[in-house]
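*Asks:* Mind looking at a prediction? Sequence and model below.
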Amino acid sequence: MNVRDAILLAIPVFAANSRAGPTESLEGLEAAGVPAELAAEIVEFLPLALARAMLDGMGIRFADHYIRQTAQGEVIGQKLLADEPVYREGLAIANEISGRGEDLFIAVAKWSPEYQAISRALNKGSRAEDLECRPPVVFANYGDRRAFDDTSGGPRPRAKGWWQFWK
C-alpha cells in the first residue's frame with residue numbers, strides 16, 4: 001500500500017473517530033488495512049500537514065522540523081517535516097482531500113496540536129501574522145518500534161548515574 005492510498009483510507013477513519021483518541025484511530029486504520037507503522041505515521045503527520053495547508057497564507061510562522069521525544073521528556077532528535085512521506089503527501093493532496101468535503105478535511109486537521117493552539121489564540125484576539133509555532137513534538141511511546149535517526153547534531157551525552165555525583 002502506498003502512502004497516498006493509506007491517507008485516503010484514513011480520512012473516513014478520522015471522521016468516524018472524531019471524539020476518540022489516537023489509539024482508536026490507529027486501530028481503525030489497521031482495521032481498514034493500513035500497516036501498523038504507516039498508521040502511526042498517519043496519526044502523527046497527516047493532521048499536521050492538513051492543518052498547515054488550511055492555515056497557509058495567514059502569515060503564521062511554522063517550524064520546518066519536528067522533535068521526537070519519549071513520554072518521559074527525553075529528546076531523541078529532530079527531523080525535517082519534509083523528510084516525512086506522510087507529511088509531504090498530505091500537503092500534496094490537501095486540495096483533493098478538501099474536495100471530498102470540508103467536514104472530512106477539518107475532522108483530520110483538528111487533531112493537530114498546532115491547529116488547536118492557533119484556534120485558541122485567534123479566538124482570544126491574536127492576529128495570525130503575530131503567531132509563531134514551535135516545532136511540533138512527536139512522542140515515541142514504548143510500543144513504537146520505528147527507527148528514528150538522531151539528526152540533532154551528534155551523539156547525545158550519556159547520562160550520569162545518580163551514584164556518580166562527583167562526575
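*Replies:* Done, it's in.

*Asks:* Please enumerate the helices of this protein.
*Replies:* Secondary structure of the chain (DSSP state H): helices at 3-16, 22-31, 36-55, 85-92, 94-99, 102-109, 113-123.

*Asks:* mean pLDDT lowest for which of these?
*Replies:* Taking the average pLDDT of each of the helices of the chain, the minimum falls on helix 22-31, with a mean of 83.

*Asks:* tilt between it and helix 3-16?
*Replies:* For helix 22-31 against helix 3-16, the angle by axes from the mean of the first three to the mean of the last three Cα atoms, to 10 degrees is 130 degrees.

*Asks:* which of the residues in helix 22-31 are buried?
*Replies:* S25, L26, G28, L29 (16 or more other Cβ atoms under 10 Å). For the C-beta atoms, the positions are set from N, CA and C on the backbone; glycine is no exception.

*Asks:* just these now: which is nearest A51?
*Replies:* Checking the buried residues of helix 22-31 against A51 with Cβ to Cβ, the nearest one is S25 at 15.5 Å.

*Asks:* Now S25: closest residue in space, sequence neighbours ignored.
*Replies:* Nearest residue to S25 in three dimensions, chain neighbours excluded: N17, at 4.9 Å (Cβ to Cβ, 6 or more residues apart in numbering).

*Asks:* from what I can see the one you found touches A31, true?
*Replies:* No. Using Cβ atoms under 8 Å, N17 is not in contact with A31, being 11.0 Å away.
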